[in-house]
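Trainee: here's a sequence, model it:
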Amino acid sequence: QVQLVESGGGLVQAGGSLRLSCAANGRSLGSYTMSWFRQAPGKERDFVSAITWSGGDTDYVDSVKGRFTISRDNAKNTMYLQMNSLKPEDTAVYYCAASALRLSTSPHIYQYWGQGTQVTVST
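Mentor: Predicted coordinates:
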């Protein structure tokens, strides 16, 4: 069993930065695809970014390209999301997820989820 724990969320002004972390307890995540999703109030959970087990391939939703960077440290069993130039529309609960399958933007392929961390961007 894998337990994922997100941290690093908070309140930031527009244009600011935050770094989210997703730490895994239990099984090593070295062979898992890892992703970030986000869910704003009243909306569906949307794909943000993903990274393959080796870190050699990444994907981003268009709205965060050039502003967000996903990375992972398998030795630390941790994944990160560096978020720069934050906008009010980035406000959401951010979830990390892990899948034994290959990289995908669909939430349905992810077997493990964290509890989420709130990111609020003020104007």
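Trainee: and the contacts of the helix or strand hosting R38?
Mentor: Following DSSP states H and E, one finds R38 within strand 33-39. With contact meaning C-beta atoms under 8 Å, 6 or more residues apart in numbering, strand 33-39 is reached by 20, 22, 45-53, 70, 72, 79, 81, 90, 92-105, 107, 110, 116, 119. All C-beta spots, glycine's among them, are computed from the backbone N, C-alpha and C.
Trainee: make it 7 Å
Mentor: Contacts with strand 33-39, where a contact means C-beta atoms under 7 Å, 6 or more residues apart in numbering, come from 45-53, 70, 72, 79, 81, 92-99, 101-103, 107, 110.
Trainee: of the residues you listed, grab the buried ones for PyMOL.
Mentor: The PyMOL command for the buried members of the contacts of strand 33-39 (criterion: 16 or more other C-beta atoms under 10 Å) is given here:
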select buried, resi 45+47+48+49+50+51+52+53+70+72+79+81+92+93+94+95+96+97+98+99+103+107+110
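Trainee: before we move on, back to that, ok, and what's touching the next helix-or-strand element following the strand holding R38?
Mentor: Once strand 33-39 ends, the next helix or strand along the chain (criterion: DSSP H and E) is strand 45-51. Contact with strand 45-51 is made by 33-39, 58-61, 64, 68, 70, 72, 79, 81, 95, 103, 105, 107, as judged by C-beta under 7 Å, 6+ apart.
Trainee: can you give me the strands in this structure?
Mentor: Secondary structure of the chain, counting by DSSP state E: strands at 2-7, 10-13, 18-26, 33-39, 45-51, 58-60, 68-73, 78-83, 92-99, 112-113, 117-122.
Trainee: for the spatially most central residue of the chain, which non-adjacent residue is closest in space?
Mentor: Nearest to the mean C-alpha position of the chain, by C-alpha atoms, centre = their mean, lies W36 at 2.4 Å. Leaving aside its sequence neighbours, W36 sits nearest to V48 (C-beta to C-beta, 6 or more residues apart in numbering; 4.3 Å).
Trainee: sweet, I'm off.
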